[in-house]
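Colleague: Structure for the following, please:
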Amino acid sequence: MPSVPPQAPPPRQPQPARTPPGPQAPPGPVPPRRTAFAEGVERLRAAAVTEPGRLRALGALLALLVVAFGAVTAWQTTGRAAAADDVLHRSQPLSSEAAAIYRSLAEANTAASTGFLAGGQETEESRERYERGIRTAAEGLVTAAANSEPGSAAAGTVAELNRLLPQYKGLIERARVYNRQGFPVGGAYLRYANDTMQKQMLPKAEALYTSENRRLDGDYDAAGSYPWAAIALGVLALAALAWAQYRTYRRTNRVLNPGLVAATAATVVVLLWLTVGHSVARSHLSASYDHGVRSLNVLNEARLASLKARGNENLTLVARGAESRTVGGTQHDAYDLDYQAEMKVLGKDLAEARRLADDAAGEDPLTAAAEDVEQWRARHKAARIEDENGDYQRALEMVIGEDDATAEYFDGVDSRLAAALDHEEQEFERAAGDGRGAMTGLPAGAGVLAALGATGAVLGIARRLSEYR
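Modeller: Take a look at the predicted model:
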């Protein structure tokens, strides 16, 4: 066979020229390392798009809503129950104490003028009335001082009354001493003491009474205000629980979830307890104010008016025309004008108290007091005629005597007003006590039921979660 000639090797390709190595490009930035929190958030976000993740979030939300509802209910009802308790045991008793101070000072002033008219024949009863009024006022001022905030206006008023009371007593004792000795200057001391009482002490006692009434009104407002935050949270929690059960029904076709039903039942019970209990408490507290506090205020004013009228009636005879006032161009006895003014107030207050009375036990004493007022007016008018005709002794007997005198009718008015005050005090205590009792156990009960409801919601969702394992 012919030999095959060897093939020539392929020509070498030219190699590109090598360039010397240049500077390397810097490496790119290293991404920051993720924190544990960020990784946890990412895992939660990833879990939230799954049904188990959604169920866990739903269970946490339901439990939070129910617990928040219970906590806010307990907080708001605790505050209202405390305010109702203050109405019953603190602010109203302090208001009555302030009224007692006011009334006792007026009673002491009236008794002092009555004793002065009797001269050396001052009765033991008249003296005891004066001493009792001073003693009751002094004891009331001690209580008021103990319950006043340091530096407050009430504390200043109490301190001023404590300063004026000994001065007043000193003036009365001087008036008595000079009166027993037959010196006319005794009447001047009595009028000065009366001016101290009427122009300084009684206005301050009235200011203290007004201050305590404002505190009482504030406690009523706090006790009766609706717990709107708790009610709104309760409605929201119920809506969320209803939606959760509807969602469960749509996904599983199961009508009831025992845990969620228990949570709903607990929430409904708390919400009903809150609304019904607070409404009942508010109703009783309103009744205690309308038929208790308002009546007490009017009756206190009526009793004060009767005491002031009696004091002015006595001073008309003590002054014997020394104090006059011009009305319509005519001179009138100043104390008799004040008597007439106080009797008008008394008549108006009696009419209002009778309107507010809601039973025979409260109305009957007021009807009798109104009849005594009419008799008092008639006897006073007759006494004034005798005095103006110059028969001072006859006028004196018609005012402080023992037979059909104005003193008899004043005592009748005072005792019947005292009886009406006692009755209205009992009415107040009963109604306010019922109002306070309507909220008994609500804060603790709301907390316990809310905890049970939150547990039920968590267990109800946990049962659904177990189906995914």
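Colleague: all helices for the stretch 201-350 of the chain, in order.
Modeller: Here the stretch 201-350 of the chain has its helices, by DSSP state H, counting those that start in this stretch, at 202-224, 228-252, 258-288, 294-319, 334-356.
Colleague: closest one to P166 among those helices?
Modeller: helix 202-224 (14.7 Å; Cβ to Cβ). (Each C-beta comes from the backbone N, C-alpha and C, glycine too.)
Colleague: and the closest one, what other elements does it pack with?
Modeller: helix 51-86, helix 92-118, helix 153-180, helix 258-288 (3 or more Cβ pairs under 8 Å, 6 or more residues apart in numbering; DSSP states H and E).
Colleague: lowest-pLDDT helix or strand in the protein?
Modeller: Least confident element among the helices and strands of the chain, by mean pLDDT, DSSP states H and E: helix 36-48 (a mean of 59).
Colleague: which of the helices of the stretch 201-350 of the chain sits most buried?
Modeller: helix 294-319 (a mean of 25; mean count of other Cβ atoms under 10 Å).
Colleague: just how off-centre is that one within its chain?
Modeller: On the basis of Cα atoms, centre = their mean, to the nearest Å, helix 294-319 sits 28 Å off its chain's mean C-alpha point.
Colleague: Run through the residues that contact E427.
Modeller: 288, 291-292, 295, 358, 362 (Cβ atoms under 8 Å, 6 or more residues apart in numbering).
Colleague: Redo these as TSV? Include distance to R325.
Modeller: Compiled in TSV, the contacts of E427 are given as follows (distance: Cβ to Cβ, whole Å):
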residue	distance to R325
S288	43
H291	40
G292	39
S295	34
D358	41
G362	38
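Colleague: between the residues you listed, which is closest to I172?
Modeller: S295 (33.1 Å).
Colleague: So that closest one is in contact with R355, correct?
Modeller: No - assessed by Cβ atoms under 8 Å, S295 is found out of contact with R355, at 9.6 Å.
Colleague: What is the burial count for G390?
Modeller: When neighbours are defined as other Cβ atoms under 10 Å, G390 has 8 of them.
Colleague: same question, R379
Modeller: R379 has 19 neighbours, counted by other Cβ under 10 Å.
Colleague: Please identify which of the contacts of E427 is nearest to A205.
Modeller: S295 (20.6 Å).
Colleague: Same list, the helices and strands packed on helix 202-224, but as a markdown table with mean pLDDT please.
Modeller: Formatted as a markdown table, the helices and strands packed on helix 202-224 follow (pLDDT from 0 to 100):
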| stretch | mean pLDDT |
| --- | --- |
| helix 51-86 | 88 |
| helix 92-118 | 89 |
| helix 153-180 | 91 |
| helix 258-288 | 92 |
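Colleague: wait, which of those helices is closest to A431?
Modeller: Comparing the helices and strands packed on helix 202-224 by their distance to A431 (Cβ to Cβ), the top pick is helix 258-288, with 3.5 Å.
Colleague: Grab the nearest non-local neighbour of S113.
Modeller: Of all residues not flanking S113 in the chain, N314 sits nearest, at 3.6 Å (Cβ to Cβ, 6 or more residues apart in numbering).
Colleague: and the gap between the one you found and A82?
Modeller: 47 Å (Cβ to Cβ, to the nearest Å).
Colleague: Check N300 too.
Modeller: From N300 to A82 the distance is 26 Å (Cβ to Cβ).
Colleague: Check M197 too.
Modeller: 38 Å.
Colleague: same deal with I231?
Modeller: 19 Å.
Colleague: try L366
Modeller: Distance from L366 to A82, by Cβ to Cβ: 35 Å.
Colleague: With A60 instead?
Modeller: In terms of Cβ to Cβ, A60 sits 33 Å off from A82.
Colleague: And those two? Which one has more around it.
Modeller: More neighbours surround A82 than the other of A60 and A82, with 16 against 13 (other Cβ under 10 Å).
Colleague: Residue ranges in the stretch 351-469 of the chain under the pLDDT threshold?
Modeller: Along the stretch 351-469 of the chain, the parts satisfying pLDDT under 70 run over 465, 467-469.
Colleague: Buried ones in the helix or strand hosting L141, by neighbour count?
Modeller: Assessed by DSSP states H and E, L141 sits inside helix 124-146. Of all the residues in helix 124-146, those buried under the rule 16 or more other Cβ atoms under 10 Å are 126-127, 129-130, 133-134, 136-138, 140-141, 143-144.
Colleague: by contact count, what packs against it?
Modeller: So helix 124-146, by 3+ Cβ pairs under 8 Å, 6+ apart, packs with helix 92-118, helix 153-180.
Colleague: which one of the ones you listed is the most hemmed in?
Modeller: The highest mean neighbour count among these, using mean count of other Cβ under 10 Å, belongs to helix 92-118: a mean of 24.
Colleague: give the contact list for the residue nearest to the spatial centre of the chain.
Modeller: Centroid-nearest residue in the chain: D219, 1.3 Å away (criterion: Cα atoms, centre = their mean). Neighbour list for D219: 83-84, 86-87, 90-91 [criterion: Cβ under 8 Å, 6+ apart].
Colleague: Could you do T123 as well?
Modeller: Taking Cβ under 8 Å, 6+ apart, one finds G115 in contact with T123.
Colleague: same deal with H380?
Modeller: Residues near H380 by Cβ under 8 Å, 6+ apart: 313, 339, 399, 406.
Colleague: And L164, by the same measure?
Modeller: L164 sits next to 196, 200-201, 204 when contact means Cβ under 8 Å, 6+ apart.
Colleague: follow-up on the earlier one: which of the contacts of D219 are buried, as a ChimeraX select command?
Modeller: Per 16+ other Cβ under 10 Å, the buried members of the contacts of D219 correspond to this ChimeraX selection:
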select :83,84,86,87,91
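Colleague: from the contacts of D219, which is closest to A305?
Modeller: Proximity of the contacts of D219 to A305, judged by Cβ to Cβ, is greatest for S91, which lies at 24.4 Å.
Colleague: From L396, how far out is that closest one?
Modeller: On the measure of Cβ to Cβ, S91 and L396 end up 45 Å apart.
Colleague: again, but for E386
Modeller: Distance from E386 to L396, by Cβ to Cβ: 9 Å.
Colleague: swap in R310?
Modeller: On the measure of Cβ to Cβ, R310 and L396 end up 15 Å apart.
Colleague: same check, this time on G445
Modeller: G445 is 68 Å from L396, by Cβ to Cβ.
Colleague: likewise E342?
Modeller: Applying Cβ to Cβ to E342 and L396 gives a distance of 21 Å.
Colleague: next one: T367
Modeller: Applying Cβ to Cβ, the value for T367 to L396 is 31 Å.
Colleague: Between the two, which is the more surrounded one?
Modeller: Just comparing T367 and L396: by other Cβ under 10 Å the higher neighbour count belongs to L396, 19 against 13.
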